[in-house]
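# 3D, please:
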Amino acid sequence: MDNQAYLFMMFVINGILIGFLFDVFRVLRKSFKTKDIITYIEDISFWILAGGLTLYFIFYYNNGEIRFYIFLGIILGILIYILTISKYIIKFSVTIINFIKNIINKVIQIIFYPLKIIINFLRKLLFRPISFICINIRKNLTKNTSYLLNFVKKDNKISKNEQ
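Residues are numbered from 1 along each chain as shown. I've put the predicted structure just below:
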């Protein structure tokens with residue numbers, strides 16, 4: 001009888017571990033935007049890990065024998081975990097991950113700041129003269145085009161008057 005109570009508690013612990021594993025994947029989904037294919041891969045990974053963990057517990061603690069109380073213990077462990085500490089673990093984990101993401105973003109901004117300054121300098125050094133030249137060419141083309149149009153209009157008036 002003591003052995004069955006011990007085994008039941010081990011499978012309750014197995015259920016708690018599966019609940020925690022489930023929360024790990026939930027935290028990843030809340031913290032990072034992923035494509036559908038990545039979500040499918042995460043789901044398959046969860047089920048493989050949960051199944052492997054359960055099989056390990058069954059073979060290690062119960063010599064591969066499957067009993068009804070094993071599933072009852074796993075379900076009870078998952079429920080205990082989800083109803084007690086799951087929301088706190090998720091909230092804490094998402095907060096920590098977002099904090100780390102913000103730190104990484106700040107470090108990247110600091111690292112790339114000199115590069116940004118160099119790019120802005122090169123833009124001013126190279127593109128402003130090119131832009132100046134293009135603007136002047138456009139102005140001259142516009143002026144010459146309007147001159148040509150006026151000349152053609154005058155020429156048309158003169159040729160109509162001669163007829």
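# looking at the chain, which helix or strand is least sure?
Least confident helix or strand of the chain, by mean pLDDT, DSSP states H and E, is helix 128-162 with a mean of 66.
# how near is Q109 to I85?
36 Å (C-beta to C-beta, to the nearest Å). The way it works is simple: take the backbone N, C-alpha and C, and place the C-beta from them, glycine included.
# So which bits of the helix or strand hosting Y6 are buried?
Assessed by DSSP states H and E, Y6 sits inside helix 2-31. Buried positions in helix 2-31, judged by neighbour count with 16 or more other C-beta atoms under 10 Å: 7-8, 10-23, 25-28, 31.
# With stretch 83-95 instead?
86, 89, 93.
# packing partners for the helix ranked longest in the chain?
Looking across the chain with DSSP state H, the single longest helix is helix 86-122. On a contact count with 3 or more C-beta pairs under 8 Å, 6 or more residues apart in numbering; DSSP states H and E, helix 86-122 meets helix 2-31.
# so for the helix it packs on, what's the average pLDDT?
In this model, helix 2-31 has a mean pLDDT of 92.
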